[in-house]
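K.L.:
heads up, no residue letters with this:
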């Protein structure tokens with residue numbers, strides 16, 4: 001078994017791999033639109049056939065929504081599960097595409113060749129990097145290096161309504177030693193990263209009511225309390241002058257970074273001035289005693305996402321509104337409990353309401369953060385493999401957003417997940433003219449081959 005021979009085969013078959021990806025990209029598997037239900041089925045069928053061509057025992061599994069694709073390869077060594085999703089985002093606004101979104105093609109750009117088309121980066125291109133690595137390994141060695149489960153979802157872009165029930169019903173089949181998820185990107189479009197922590201999410205949507213009707217400001221202004229004034233004071237008090245969140249107990253379950261992870265993050269040389277400058281900002285606004293990268297990846301946040309009340313049309317309508325509303329979200333880290341944070345926020349809000357004021361909540365269930373243990377030797381094996389393939393050494397990184405599937409693997413199956421992806425910041429996922437660099441596709445395939453080699457030595 002020679003890794004060098006596998007890598008050479010990947011290089012020689014890059015055109016074939018690209019052609020197969022383009023064939024999959026032609027299928028408009030938009031999960032959010034019922035008009036594309038048959039196309040989602042076609043994409044699942046395409047993947048089943050492709051896996052079967054590698055000797056994988058693969059099948060399309062029904063759900064109340066779009067089907068899952070599940071495939072198994074028996075073998076010795078660790079049991080690896082690879083997850084990806086074959087559904088894609090809608091293409092609107094269509095007029096902003098430079099070429100038809102489901103007529104994918106290779107394009108030359110100033111930065112090299114790209115694969116242009118909906119789903120090229122999110123997530124069909126990323127999904128196929130692992131499949132193509134397995135294809136080359138099988139062709140070169142006659143078998144795959146270990147026991148592998150392939151798990152492809154068709155509803156990720158529509159909220160994954162069938163995912164948790166399916167995982168619960170098939171837990172024994174899907175439980176593995178490690179889960180691999182390819183739905184992330186390179187740090188600053190160049191450094192390979194293994195995501196080891198994801199922030200959770202909690203949202204509060206609420207309305208404060210004061211007077212029982214809108215009031216004439218000439219008659220009631222000054223004597224009647226304005227709900228917008230109440231709301232803005234409450235929101236302003238959520239942070240202190242140093243950028244810290246003021247809710248009682250908010251930081252109780254927030255862990256500190258290990259020295260090893262802090263050192264890796266410092267070595268990334270994150271340029272926060274450019275990061276903020278690209279969106280017209282200059283100074284970080286979070287906790288003043290934390291680096292910008294810590295603020296994004298490992299610290300919790302509280303943000304006002306929307307605020308409204310009173311008259312907002314042209315001209316003036318001089319009223320004191322009856323109601324004022326806002327949407328506030330929290331990104332959670334470590335062991336922060338969404339229910340505990342919700343209770344602290346509501347206590348803060350309700351304790352600051354004037355007498356006679358009421359509040360009504362419209363809220364969805366929150367999700368906790370996900371923290372993967374890098375003590376699992378698979379993490380260091382993958383970091384070495386990625387460092388061998390890319391010019392920059394790989395790092396264990398955080399992610400400011402939330403990727404629920406990683407938490408589901410841990411909570412439902414007891415399996416740690418490694419999130420490794422090769423997308424770039426300018427891939428325009430979810431937007432017109434989505435693309436995936438040919439380099440990302442090519443080196444992504446080579447990366448997975450190296451990771452399989454390191455994990456199964």
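P.N.:
Good, I have the coordinates. The structure presented is a predicted model; accordingly, all values stated were derived computationally and were not measured.

K.L.:
okay, and the helix or strand of this protein with the least pLDDT?
P.N.:
strand 370-371 (a mean of 86; mean pLDDT, DSSP states H and E).

K.L.:
mind listing what it pairs with, with the direction of each?
P.N.:
strand 193-198 (antiparallel) (DSSP bridges).

K.L.:
got a list of contacts for the strand it pairs with?
P.N.:
Counting by CB atoms under 8 Å, 6 or more residues apart in numbering, strand 193-198 makes contact with 184-187, 261, 297-298, 333, 369-372, 374, 379, 382-383, 386, 394-399, 401-403, 406-407, 418-420, all of which sit outside it. Backbone N, C-alpha and C define where each C-beta goes, glycine included.

K.L.:
So which of those are in strands?
P.N.:
Among these, DSSP state E puts 370, 371, 395, 396, 397, 398, 399, 418, 419, 420 in strands.

K.L.:
Going by neighbour count, which of the residues you listed comes out on top?
P.N.:
Neighbour counts for these were taken using other CB atoms under 10 Å; the highest belongs to residue 420, with 28 neighbours.

K.L.:
Could you find the closest non-adjacent residue to that one?
P.N.:
With sequence-adjacent residues excluded and distances taken as CB to CB, 6 or more residues apart in numbering, residue 420 is closest to residue 194, at 5.6 Å.

K.L.:
what are the bridge partners for that neighbour, then?
P.N.:
Bridge pairing for residue 194 - DSSP bridges - gives residue 396, residue 420.

K.L.:
What about it, how many residues nearby?
P.N.:
22.

K.L.:
Quick check: it vs residue 277, distance?
P.N.:
From residue 194 across to residue 277, the span is 28 Å (CB to CB, to the nearest Å).

K.L.:
can you give me the offset of the helix or strand containing residue 326 from its chain's centre?
P.N.:
Assessed by DSSP states H and E, residue 326 sits inside strand 323-332. The chain centroid and the centroid of strand 323-332 are separated by 21 Å, computed with CA atoms, centre = their mean, to the nearest Å.

K.L.:
try stretch 304-314
P.N.:
Centre to centre, stretch against its chain (CA atoms, centre = their mean), the figure for stretch 304-314 is 30 Å.

K.L.:
Counting neighbours, which bits of it end up buried?
P.N.:
Residues of stretch 304-314 classed as buried: 309, 310 (neighbour count, 16 or more other CB atoms under 10 Å).

K.L.:
got the contact list for it?
P.N.:
Applying CB under 8 Å, 6+ apart, the contact partners of stretch 304-314 are 203, 214, 227-228, 231-232, 235, 238, 317, 319-321, 323-329.

K.L.:
rerun that using 10 Å as the cut-off
P.N.:
Stretch 304-314 has contacts (CB atoms under 10 Å, 6 or more residues apart in numbering) with 203-205, 207-208, 214, 226-229, 231-232, 235-236, 238, 317-329.

K.L.:
With stretch 283-295 instead?
P.N.:
187, 239-245, 251, 256-257, 262, 265-266, 268-273, 275-276, 296-301, 303, 397-398, 400.

K.L.:
Try it again at 6 Å.
P.N.:
With CB atoms under 6 Å, 6 or more residues apart in numbering as the test, stretch 283-295 has contacts from 242, 243, 244, 265, 270, 272, 299.

K.L.:
so where is the stretch 51-200 of the chain shaky, pLDDT-wise?
P.N.:
For the stretch 51-200 of the chain, applying pLDDT under 70 flags no range at all.

K.L.:
Pull out the buried members of the contacts of stretch 304-314.
P.N.:
203-205, 207-208, 226-228, 231-232, 235, 238, 319-326, 328-329.
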